[in-house]
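Q: sequence below, structure please.
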Amino acid sequence: MKNIIIALSIIGLIVANNTDYEKASDAQKAMMQIIWEKAMEAKETYKSLQTREELIDNIASTAPRSDFIVNVDLGEELLVANPEATVYLSTDNQDSWNQSNGYPLNEPGYENTWEAVIDNNGGQDITWYISGAADSEPLGFDYGRIIVSQTPFHAVNSFPPQTSHYALLAEDATGDAPSNQDIYNLRGTYSASKIFVSMGINGGCCDEGSLFGPWYLYGVAFVNPEATEAAAYAIGYGDGGFGQLYPALYKITGDLATGEIGGFEVITDNINVSTAGNNMQAAVALSYIVNDPSWGTWPNSFEGLIALGVTVEASLDGLDVAAELEDQTSPGLMLLSTQTQSGNQNCAVANPQVDIDNQAVSVDYSDTDGNLPWYTKIQICDPNDLCFYQADMSASEHTYQDGTIFSHTLLHSDNAGDNQDLLTYNGPCVLKIAFADGEYQGNQFEIDISLANGLIDDGTGCLLGDANSDLVLNVLDVVGTVNAVLGGTYNACIDINSDGTLNVLDIVLLVSLILG
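A: Numbering: from 1, shown residues only. Okay, here's the model as predicted:
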């Protein structure tokens, strides 16, 4: 009888353990359901915001110089959502970063352009990246601040990366979840072969739960916003559920129509994980994700992915299993790109044009490094090199590597300079055009032009009404104009109304000019 009782007890324990194993499996599925739902919400968010070309476009900088300047064009969606932009610059191989906040230029040709200026300490070997943030509410979402950020390049591929190699992807308020599942930030970086994430936990990482529950999963979900399939990928840490929760990269698929997951699988457990201190850090070969057939085209149009941090708890609820989202971050758009430059290949400026009809000057600009010019000046100077007009030229498109056109239309207002005002100058002068993307190296073009009453004329170089070419309007010019009218000799300099004919009307207009 004693042996029978022992046998029945063992059978009962086995049955109980099998039941708990099934519950643990149910808990794992419930956890994956939550991660998939949040990942799909994040995907829809960024799909509605369209692609990176319209969120952040035309990222460009000057060459390495003392005042390092970065420009970025923000899309219309971000401009209405309290945007901010921050540029990070390193001159010591990413061991430390200088940073500077961007500001809107609000200038003709740069209405959507933000600029940041950073002191690079004279370094010629630089690394830099840009991060943008905006309120999600004006965009129709409830994520608070969302971040679109480039990331440093973790070239050495070691794990865990040094702190300075991470970019911030999301921040989250503390106190809204139990401390051991309370996320306060999400960071990321990448190498040539891996993607790295770090999720900060307020109370320290990580709670493993107990044998019979509750169980906890700390994960970072990845989504390709351009993928056609409803698939999410999650890398993270868990330890429990009778061995079913363990560090791995998961693939979760579902049906958007029903909102239910169809299944999940472990793609690989060949990942790096650290739970030291307050951070759950993890890394996996990027190929496991981007080579999966459900991921979609890679590289996608913005060379990036959505990252979302979550903590999930699952526990027994009578005969059922209950899973609950403990905390989550806002979805961050992680762009796998960083800019580097060593030295400089000077920019190229060509084909200067003077448009007399529109009183405009233009040049073709290109740069093999993709740099923007910080110096884009035109000057108008008299024959004694006394310059009385100076202005900046602006670009029609901000595609500096592919080439663009810079132009400027003369401002016929009070542009008094060192000596003379544009409106009052008449006669021959020199138009100077100078560009620089690095250190300034002098003028690139000097063009002989002629001004008449402040306007670039057709090259005659005369003062309008100056019949005797002495650069002074007086009664002698009236006499000369009368003689020309009577003699039938045409002179463009005294054709005051530019109608191609000399007659009494030109004499009347000349008298008016002389009288003021």
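
Q: give the next helix or strand downstream of the helix-or-strand element of the chain with minimal mean pLDDT.
A: When the helices and strands of the chain are compared on mean pLDDT, DSSP states H and E, helix 52-55 comes out lowest with a mean of 55. Sequence order places strand 56-61 as the next helix or strand after helix 52-55, per DSSP states H and E.

Q: by how many degrees do the following helix or strand past that next one and strand 56-61 diverge?
A: As assigned by DSSP H and E, the chain's next helix or strand after strand 56-61 is strand 67-74. In terms of direction (axes from the mean of the first three to the mean of the last three C-alpha atoms, to 10 degrees), strand 67-74 departs from strand 56-61 by 170 degrees.

Q: helices or strands up against whatever helix or strand comes next after strand 67-74?
A: Downstream of strand 67-74, the first helix or strand assigned by DSSP H and E is helix 76-79. If you count contacts as 3 or more C-beta pairs under 8 Å, 6 or more residues apart in numbering; DSSP states H and E, helix 76-79 packs onto helix 52-55, strand 125-135. The C-beta positions use only the backbone N, C-alpha and C, and glycine is treated the same way.

Q: which of these sits closest to residue 84?
A: strand 125-135 (5.2 Å; C-beta to C-beta).

Q: please save the CA atoms from the helix or strand following the closest one in CSV.
A: Moving toward the C-terminus from strand 125-135, the next helix or strand (DSSP H and E) is strand 145-150. Extracted in CSV, the C-alpha atoms of strand 145-150 (Å, rounded to 0.1, in the frame of the first residue of the first chain):
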residue,chain,number,x,y,z
ARG,A,145,7.7,62.6,-27.3
ILE,A,146,8.9,60.4,-30.2
ILE,A,147,12.5,60.3,-31.4
VAL,A,148,14.0,59.8,-34.8
SER,A,149,17.7,59.4,-34.4
GLN,A,150,20.8,58.3,-36.3
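
Q: who does strand 145-150 pair up with?
A: Here strand 145-150 has these sheet partners by DSSP bridges: strand 125-135 (antiparallel), strand 332-335 (parallel).

Q: identify the residues contacting that strand?
A: With C-beta atoms under 8 Å, 6 or more residues apart in numbering as the contact definition, strand 145-150 has outside contacts at 45, 52, 55-56, 59, 129-136, 139, 167-171, 330-335, 337-339.

Q: redo the strands paired with strand 145-150 as TSV? Include distance to residue 215, mean pLDDT and mean neighbour count.
A: Formatted as TSV, those follow (distance: least, C-beta to C-beta, whole Å; pLDDT from 0 to 100; neighbours: other C-beta atoms under 10 Å):
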stretch	distance to residue 215	mean pLDDT	mean neighbour count
strand 125-135	34	92	22
strand 332-335	26	93	27
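
Q: switch these over to TSV; also include distance to residue 95.
A: Converted to TSV, those look like this (distance: least, C-beta to C-beta, whole Å):
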stretch	distance to residue 95
strand 125-135	10
strand 332-335	22
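
Q: of all the ones you listed, which lies closest to residue 31?
A: strand 332-335 (21.3 Å).

Q: end to end, how far does stretch 218-237 reach?
A: With C-alpha to C-alpha, to the nearest Å as the measure, stretch 218-237 spans 5 Å from end to end.
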